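Asks: Below are the sequence and a predicted model for it; my questions follow.
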Amino acid sequence: MQSALSSGTTRSKKLGVIATALLLALGAAACSKTGAAGSTTSAAPASGDASSSAPAVTLQGDITFNDANLAKLDAALKAALAGKDLSKINEAMVVNVAVDYWNAGKIGFNKGLSDLGIKGTFQAPANGRLDQQLSIIQTLRGQGITGLSVSAIDPTAIKAPIAAANSAGIPVLAIDSPLPADDGSDLYLGTLNEQMGEKAGAAMKQALNNQGSVVILTGSLTASNSLERIAGFKKALEGSNIKITQTLNDGTDASKALSNASTSFQTDPTVKGLYGVYSYDGPAAGQAVQSAGKTGSIKVISSDSDAQTLKFIQSGVIQATVLQQPYQQGYTGAYLLAAFKVLGKDATLAIVKPYLESDGTTLSSGVGLVTQGNISDYQSMLTKLGIG
């Protein structure tokens, strides 16, 4: 988060806008193919908008994730755990901020715990504060957890808590935002964040027809998920006539993100695109664009699948959103933590190895893209998982 606290940037602002900002703050945020992959959409401006004369933009939708491979891995881990004593397993999933994005991760984690018949707890710092996350981890360690999955707010600050966990025999799984090798986590399960940024950049290029000024909105200038998404976004724009004029950091504050989005194009009329790096950044950008009567004339590419993001896609305010699979980060994460504790690190990694990316340390949860054309297929998928 990413989702959630979801791949630094922006959140905030104004009277009629403040009510929306508060809603965003309450709900905000670093390969099996379904038949919906490859559908297209025309993201036409909402009727009555000042920009309704803008040409429609057609974007390619894609909800391809890594679900099939992760299902095979889950089955292999469950088979290896069969007959083992799991009665003392007590896991914890600690994410970076309490936002809508992580609801899917929580549901997946709880389902994984249930399927294995083990105990666990999901925790999230209410406002994405580093001191709160570190305090949560310290408290959980004192309560005797046997495994920890974490979306770290700061990769440097998390190093000491991970070392302390390892010293206590507690395996640590990095989720959502990868950690440096020397931080001591056993594995990274989550999004290939640079790939996520590249997909967002490709969508922006198509939406803007390869030209125009773009502003990036993000919740962090230090978290690896944010930095990697931004790097991927920039990489995708290479060779185009699209210029990134600003990267605005909101510090995981949705109201600040709203303020940043509004100010970005009010002070620079040449801005034609907004990229929201974190899950709440897209809804903030969408609200700013809609309130200014610029639906369709300023293109918005978002991240993740907050309820407001999906509503804005349906109405054409947001042209596309790049998706992660936080559900799988929770579900497969529960299996991995049990395996690390009961089978040991070497035996677990031997089972995981065939499913890793080429770097040998990343287990991808997949990346997708939702547009008007495939949003109903995506919502059906969420319903099957018990999300929403």
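Replies: Nice, I can see it.

Asks: partners of residue 320 in the sheet?
Replies: residue 301 (DSSP bridges).

Asks: And stretch 361-368, end to end?
Replies: 21 Å (CA to CA, to the nearest Å).

Asks: who's in contact with it?
Replies: Here stretch 361-368 makes contact (CB atoms under 8 Å, 6 or more residues apart in numbering) with 31, 37, 62-67, 70, 73, 178, 181, 187-192, 195-196, 199, 322-326, 328-329, 332, 352, 355-357, 378. In this view, the C-beta of every residue, glycine as well, is placed from N, C-alpha and C.

Asks: Please state the offset of that stretch from the chain centre?
Replies: The chain centre lies 11 Å from the centre of stretch 361-368; the measure is CA atoms, centre = their mean, to the nearest Å.

Asks: got it, and stretch 189-202?
Replies: 10 Å.

Asks: re the thing from before, in helices, which of the contacts of stretch 361-368 fall?
Replies: 67, 70, 73, 195, 196, 199, 326, 328, 329, 332, 352, 378 (DSSP state H).

Asks: tell me the contacts of the fifth one?
Replies: Looking back up the chat, that one is residue 196. 7, 228, 229, 232, 303, 322, 324, 367.

Asks: Try it again at 10 Å.
Replies: Residue 196 makes contacts with 3, 6-7, 30, 190, 225, 228-229, 232-233, 277, 303-304, 322-324, 366-369, as judged by CB atoms under 10 Å, 6 or more residues apart in numbering.

Asks: can you tell me how far the most far-flung residue of the chain relative to its centre sits from residue 343?
Replies: Distance from the centre of the chain peaks at residue 83, with 35.2 Å (CA atoms, centre = their mean). In this view, residue 83 and residue 343 are 12 Å apart by CB to CB, to the nearest Å.

Asks: pLDDT weak spots in the stretch 251-388 of the chain?
Replies: 388 (pLDDT under 70).

Asks: would you list every one of the strands in the stretch 101-250 of the chain?
Replies: For the stretch 101-250 of the chain, strands defined by DSSP state E, counting those that start in this stretch occupy the ranges 119-123, 147-150, 172-175, 187-190, 211-218, 241-249.

Asks: Can you say which of those is nearest to residue 386?
Replies: Closest to residue 386 of the strands of the stretch 101-250 of the chain is strand 119-123 (CB to CB; 14.9 Å).

Asks: and the closest one, what other elements does it pack with?
Replies: strand 90-94, helix 101-116, helix 130-142, strand 147-150, helix 326-342 (3 or more CB pairs under 10 Å, 6 or more residues apart in numbering; DSSP states H and E).

Asks: mind saving the C-alpha coords of that strand as CSV?
Replies: Coordinates of each C-alpha in strand 119-123 appear next as CSV, following Å, rounded to 0.1, in the frame of the first residue of the first chain:
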residue,chain,number,x,y,z
LYS,A,119,-4.2,-18.2,14.5
GLY,A,120,-3.1,-14.7,13.4
THR,A,121,-3.8,-11.0,13.5
PHE,A,122,-3.9,-8.2,11.0
GLN,A,123,-2.6,-4.7,12.0
